[in-house]
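Asks: sequence first, then the predicted structure:
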Amino acid sequence: GRPRRRNVRSRHVAVRAQARKLIIKAILATDMTHHNDMVKDLADRAAESKPVEAVDVLQTFLHLADLGNCVVEWGLSKRWAFRVCEEATAQANREKELGLPVPPHVKLSAYNDHEVAARQLIFLDGWIRPLFKAAAILFPTVKSRLDAIEANRAACEAEVQPARLEPALPPCPPRAHREG
């Protein structure tokens, strides 16, 4: 009885440790510092018909989900874009209070509809579309989100048009991975 129970327990501990490593690796893959590497890796795998490892699938789908607010209906996507900009503004204001440098692309006051739409266009074109296009090659169910990207681009364009005479502003920075 006892040796078998110890064996099962040690196997359980090893499985838990492996699962924990996998979960941490997947969560860290949502950090935008890894974004371009992920897009390139997905495109390379698709071009070379390389197999996709389970951990890569998990990381990709978690990253897609993390950025999924950009590929839902525009009204909902716009609300999330405002939240991201509000978070960036709050963080920049806190950094300023602490005497830290504030990134030049972050405002210290609220963003208006035109500014959020302009930033969202840049984010859709530079980050979201490349990721979802690369993922759609390997994971065909992702293709349904490509139409949503184009619809949101059109909605952003429509909101930006009246403000075209205003100076262009850079996008809100992608959310950085937060510990905790």
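Replies: It's in.

Asks: before we move on, which element is the closest residue to Asp113 other than its chain neighbours in?
Replies: Excluding the flanking residues, the one nearest Asp113 by C-beta to C-beta, 6 or more residues apart in numbering is Glu159, at 5.6 Å. Heads up, the C-betas are built off the backbone N, CA and C, glycines and all. Assigned by DSSP states H and E, Glu159 belongs to helix 144-160.

Asks: in that helix, what counts as buried?
Replies: Under the neighbour-count criterion of 16 or more other C-beta atoms under 10 Å, helix 144-160 has Arg145, Leu146, Ala148, Ile149, Asn152, Arg153, Ala155, Cys156, Glu159, Val160 buried.

Asks: does the second one touch Ala136 like I think?
Replies: Yes - the pair formed by Leu146 and Ala136 meets the contact definition of C-beta atoms under 8 Å, at 6.1 Å.

Asks: apart from its chain neighbours, what residue comes closest to the residue nearest the centre of the chain?
Replies: Nearest to the mean C-alpha position of the chain, counting by C-alpha atoms, centre = their mean, stands Leu67 at 3.5 Å. Excluding the flanking residues, the one nearest Leu67 by C-beta to C-beta, 6+ apart is Ile128, at 6.0 Å.

Asks: same question, Phe139
Replies: Among residues not flanking Phe139 along the chain, Thr60 sits closest, at 7.3 Å (C-beta to C-beta, 6+ apart).

Asks: okay, how far is it across stretch 45-52, tip to tip?
Replies: Length of stretch 45-52, first residue to last, C-alpha to C-alpha, to the nearest Å: 7 Å.
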